[in-house]
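A.B. asks: model this:
(2 chains)
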Protein chains: 2
Amino acid sequence: MKIILPSEKSIPVEPGVSVFQALKKEGVHLTSSCGGKGTCGKCKIIVKSGPVDTRSTTKLTKGEIKKGAVLACQSFPRGDIQIEIPKESELIVEGKIATGKSKDLQELLHSTGAKREPLTRRIVLQLPPPSLNDNISDLERLKREFVTKGLGCLRVPFRFLINLAGIVRKKDWEITLSTINAGDCCEITNISPGNRTSARYGIAIDIGTTTVVAYLIDLNDGTLVDIASTYNSQIQFGDDVITRIIYVEEHNALKSLHRTIIVDINDLISLLRKTHTINIDSIDSLVTAGNPTMTHIFLGLDPASIRQEPYIPTANSFPVSHAGELGIKTNPNTPVYTFPCVSSYVGGDIVSGVLASRLHKSQDLCLFMDVGTNGEIVLGNSEWLVTAACSAGPCFEGSGIRHGMRATEGAIEDVRINRKTLEPEIEIIGEGVKPLGICGSGMIDAVAEMFITGILDQKGKLQKSASDRIRDGDNGPEFVVYSGDNRDIVLTEPDIENIIRAKAAIYAGLSMLLKEMGYTFADVHRMFIAGGFGKFLDVEKAVILGMLPDIPKKKFTYLGNTSIIGAYLCTLSQNLREEAEEIAGKMTYIELSVSRSFMDEYVSGLFIPHTNIDAFPGVKKLLKK
Amino acid sequence: MKIILPSEKSIPVEPGVSVFQALKKEGVHLTSSCGGKGTCGKCKIIVKSGPVDTRSTTKLTKGEIKKGAVLACQSFPRGDIQIEIPKESELIVEGKIATGKSKDLQELLHSTGAKREPLTRRIVLQLPPPSLNDNISDLERLKREFVTKGLGCLRVPFRFLINLAGIVRKKDWEITLSTINAGDCCEITNISPGNRTSARYGIAIDIGTTTVVAYLIDLNDGTLVDIASTYNSQIQFGDDVITRIIYVEEHNALKSLHRTIIVDINDLISLLRKTHTINIDSIDSLVTAGNPTMTHIFLGLDPASIRQEPYIPTANSFPVSHAGELGIKTNPNTPVYTFPCVSSYVGGDIVSGVLASRLHKSQDLCLFMDVGTNGEIVLGNSEWLVTAACSAGPCFEGSGIRHGMRATEGAIEDVRINRKTLEPEIEIIGEGVKPLGICGSGMIDAVAEMFITGILDQKGKLQKSASDRIRDGDNGPEFVVYSGDNRDIVLTEPDIENIIRAKAAIYAGLSMLLKEMGYTFADVHRMFIAGGFGKFLDVEKAVILGMLPDIPKKKFTYLGNTSIIGAYLCTLSQNLREEAEEIAGKMTYIELSVSRSFMDEYVSGLFIPHTNIDAFPGVKKLLKK
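C.D. replies: Have a look, this model is predicted:
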């Protein structure tokens, strides 16, 4: 049996294997935020012809079903089928968007003053060929040349002897070594014949609970070449870190979860390599950042004791591992640097974020906030750093929202509601593309605007009388943000409830951490906002929503996904890897959720902007208008 | 289908699989010196009942065939069969013989003055259990305790994190580390829960071209616990190193040959472990010694350039590898120390031999000679060392000799021929056992005695008229050394030719190396003889044969298999491992075979004792009597 794509590419499929799995096996990746359980509705395909067994789903509209749409993960061919893949279902790299980001990142790297020094270096050696008079062994010849060139001592792990004889002889005794610093010595991580210095790449990976983002970085000049991202397929085992740890324990499933994230990462690497025709030996290093649970599972370490008092991870600072030990499909000797974590609940993603924000170099008091599946907050300056966690949930990354999506091409990232016509005006990521869904910044805009224009009340209920864009959907009332030929994009009342819960958790976390340390919002000199909201975050709207405090707008800086930015920086600099270790060592974790006042503060935040409207004088003024 | 043993143990067998292979798979190892090609005739079994396809062989006598004997490697069951395994076909450990050797080895180790310090040490740590106030990670806790105990810095390779959380919690935070020195730090090679210091073993392995010997050593007290040995199954690919290198090149067969020696080693380790009920985690380290080709193939390194001018090995000094990298079935992290080699033709076995002989510590000129498949000679003292090779062939190890065998239980090791009756009187290794074959020392004795008593002439031809023990066999005349109820043990004329060629090569090598360096036999203060001849070597007989020079007998010391003795020493001492590296670095290789006079000298040695009888004044005198 086979699946035929519009390109006439034919993909084999066995009975009992879903279209989703069959496509994935051949490197055609569909987007999915539920890991193939049929609950997210994102892996839609159109079956043009051929017999398919499809499980029914509430995730498709009647119109879609009429047009032949099915979920690829719930569809099992019974014979040859012809399919189409709608653009919104495809997993793609970001191309131009990445190029845009590259300049900013290179400037950021430059501004840190750090030396550009990737995890490994490449060294070309021209060995003198052996003769009867110079008949030392290949290994001794290599070490001798290394010392002669003034490169210091060279450590050669046994495995690099295996093909040494062939490699040194292949290109007339010219070889390229990749080496990593190991104490006072250089340790080999790869040997290739000839001069192999022109193409060398690093891959930085942000392993989020909900999304996984990979940066392909040119190590020769620091360019961000491209970005690929996907949902973390571990979602099939649970939405947050706690449910995943429980799943691991109850099903003895560490290997499954480990394998799942490795497969996601391999998919991203393969997509980037294919898009840019990159040889496997041109990938020199990997740098990953994730929260403690994601880091543990990624490394194959048991996360069980993270959840049990006294909450002890296996490690906070991790020895460099190799791709082969983890199952990552690059050269198995490629070193993998893992960002250090702080404690069982504050991880490498936050260390990476602080590194990217440069908060740890500030003389003044700063706040840093990273909104991912678990929201984390850091308060401090160049002297001290404290951190706390508040569970925001994954809605701003597009998960748990009907038409939610990551901030990639096709996402509505900006929504204004015309004050007169009450019609939404939208902006979409990418040039000349049709909207495919709505990302975090779009959600914040939409909800704030709907509130300001009276479409939504303080409690988050849609006011049917206020707009004829409100209609009854499968899950109750919904607001049509965009009406397209084929597909509308809506925000449902449950979507809005999710957004309000998330913003309440964030605001409660911010105010409680300040209180614990004896500060108020007024003391904050600068506030960094990180997360996968979108290209831009309209801070004003976030204040109206009650997610951010009502303080002068100029104090806010929106940084985007700082976990991946920090990973970018560490891919390129040894100094910054050292800074990351320092940040992790310096940060103190403060547990907020045990405090009763945290719950009170959270509940007060379940209104727009807040039960205590006096905390939001600007919004109050605006509402009066 | 199954094979049923006398013990009623039943062994499954698939169609097309030989009895030899089927038994091996289930851990019943038969002796074989041809690697299962059907040419050595050593893996004899008796089929009591059941259908077997058997290829015909010239290696069994008519009497044996009548009794149901077949070669296990040439027999393929067609249904259930019942078999018996004659004692001489079984691969066994040495038990008591080993116990006898142990005292000598421990005394030798003591006499070197070296500190007992195996490759790894075991350290028991009782970690303080974590609490909310002491909540550092497992890894940091481990490192902290290591430093607190004054043990210095601890390097933990990534792979040891994988099960760390489970291990530290299993026995109330008590753990046992195995560590190896790595620069200024200790590097972990194993972590186990609880106190695991009572049982710890090392395995020393001599990887010969023809035979493989393994010593099981108690690392707590230095006792040699047992010995196991087998033929090197690579013999199926060629008898000597050159033919094996050619085989590797022509058949792209490095992996096959590597796998073959690893399987042999695994068989020996499994035999030793089973006999002494040793847990896999109690094996702390492996130390191997072999010639450069055997070492390369053992490590999976391409030996091709060893054979091609300018004769360059991949390495002479080898980084420590791990059992898992090589496919050795112990804990995969068990470190494997490989003896350093000198050049493409002088290897770790000779370095190990010199170390065992202590020649490198002598003030006076000494000769060292190791007779294996390739004979090697070392001349020197504590100041300098030169070495040369002379191809002796494997006959003294029992290979290529009709009833030849290794010097293990049942081997005739001592032969005297009664001057009056001309009847041979024999001694056998082991108590109260029947002879199974003849080992090197027995061959030397027998040929020398046959020559002295006129049974053999100067050219090695049997004199039929001299003894009615000479009879016509399948390969021409043969001398019956032992006549048993079931089986005679004979030396055939081709056997004797082999022995004479071997002794001629050895003598030529010895005299040529002395000549090259400007010495004669008279300058030699002491001569060490190594090789697998037997428990004792009758030096007088070896002089009569013309293998050893006719110098005062007190100058000779027979040491046995020094390659394994050196490996024993290095299993137990870091000082001696360092000495081994020094010896290898210091030794200079001299190529003798290119010299024309070497060939002349060799041809002169094809007589007993030598064409130039005046070089053997003692033998001349004896013959006159």
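
A.B. asks: Span of stretch A:274-282 from start to end?
C.D. replies: 13 Å (CA to CA, to the nearest Å).

A.B. asks: Next, count neighbours for the nearest residue to A:Gly348 once chain neighbours are set aside.
C.D. replies: Counting by CB to CB, 6 or more residues apart in numbering or on different chains, A:Phe339 is the residue found nearest to A:Gly348 once chain neighbours are left out, at 2.8 Å. Using the backbone N, CA and C atoms, a C-beta is placed for each residue, glycine as well. A:Phe339 is flanked by 30 other residues according to other CB atoms under 10 Å in any protein chain shown.

A.B. asks: My guess is A:Phe339 contacts A:Val351. True?
C.D. replies: Yes: with contact defined as CB atoms under 8 Å, A:Phe339 reaches A:Val351; the gap is 5.5 Å.

A.B. asks: Next, show the common contact partners of these two.
C.D. replies: Taking CB atoms under 8 Å, 6 or more residues apart in numbering or on different chains as the contact rule, A:Phe339 and A:Val351 both touch A:Ala289, A:Gly566, A:Ala580, A:Ala584.

A.B. asks: can you pick the most crowded of those residues?
C.D. replies: Counting by other CB under 10 Å, top hit in these: A:Ala289 with 35 neighbours.

A.B. asks: How about the contacts made by that residue?
C.D. replies: A:204-207, A:338-339, A:347-349, A:351-352, A:563-564, A:566-567.

A.B. asks: hey, where'd the strands end up in the stretch 501-625 of chain A?
C.D. replies: A:526-531, A:556-560, A:587-589 (DSSP state E, counting those that start in this stretch).

A.B. asks: neighbouring contacts of the second one?
C.D. replies: Contacts to strand A:556-560, defined as CB under 8 Å, 6+ apart, come from residues A:353, A:356-357, A:526-533, A:535-537, A:539, A:548, A:565.

A.B. asks: mind listing which of the shared contacts of A:Phe339 and A:Val351 are in helices?
C.D. replies: A:Gly566, A:Ala580, A:Ala584 (DSSP state H).

A.B. asks: strands paired with the host helix or strand of A:Val47, and their directions?
C.D. replies: For A:Val47, the host element (DSSP states H and E) is strand A:44-49. Paired strands of strand A:44-49, with direction, are strand A:69-71 (antiparallel), strand A:81-84 (antiparallel) (DSSP bridges).

A.B. asks: still on that earlier bit, let me have the strands of the stretch 501-625 of chain A in a markdown table, adding mean pLDDT and mean neighbour count as columns.
C.D. replies: Output for the strands of the stretch 501-625 of chain A, formatted as a markdown table (pLDDT from 0 to 100; neighbours: other CB atoms under 10 Å in any protein chain shown):
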| stretch | mean pLDDT | mean neighbour count |
| --- | --- | --- |
| strand A:526-531 | 95 | 24 |
| strand A:556-560 | 94 | 18 |
| strand A:587-589 | 94 | 18 |
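
A.B. asks: Tell me which of the ones you listed sits nearest to A:Asn195.
C.D. replies: strand A:556-560 (37.5 Å; CB to CB).

A.B. asks: Kindly calculate the angle that that closest one makes with strand A:526-531.
C.D. replies: Counting by axes from the mean of the first three to the mean of the last three CA atoms, to 10 degrees, strand A:556-560 lies at 30 degrees to strand A:526-531.

A.B. asks: Which residues does the residue of the stretch 451-600 of chain A found nearest chain B form beta bridges with?
C.D. replies: With CB to the nearest CB, the shortest gap between the stretch 451-600 of chain A and chain B falls at A:Tyr589, namely 9.3 Å. Taking DSSP bridges as the rule, A:Tyr589 bridges to A:Thr387.

A.B. asks: Correct me if wrong: it contacts A:Gly347.
C.D. replies: No: using CB under 8 Å, A:Tyr589 makes no contact with A:Gly347, being 10.6 Å away.

A.B. asks: Show me the helices in the stretch 351-500 of chain A, by range?
C.D. replies: A:440-452, A:493-516 (DSSP state H, counting those that start in this stretch).

A.B. asks: So which of these is the most surrounded?
C.D. replies: helix A:440-452 (a mean of 28; mean count of other CB atoms under 10 Å in any protein chain shown).

A.B. asks: what's the neighbour count on the closest residue to A:Glu591 other than its chain neighbours?
C.D. replies: Nearest in space to A:Glu591, with sequence neighbours left out and distances taken as CB to CB, 6+ apart, is A:Ala388 at 7.4 Å. Per other CB under 10 Å, the neighbour tally for A:Ala388 reads 24.

A.B. asks: quick one: A:Ala388 and A:Gly509 touch, right?
C.D. replies: Yes: under the criterion of CB under 8 Å, A:Ala388 lies in contact with A:Gly509, with a separation of 6.1 Å.

A.B. asks: what's the overlap in contacts for the two?
C.D. replies: A:Ile377, A:Leu592.
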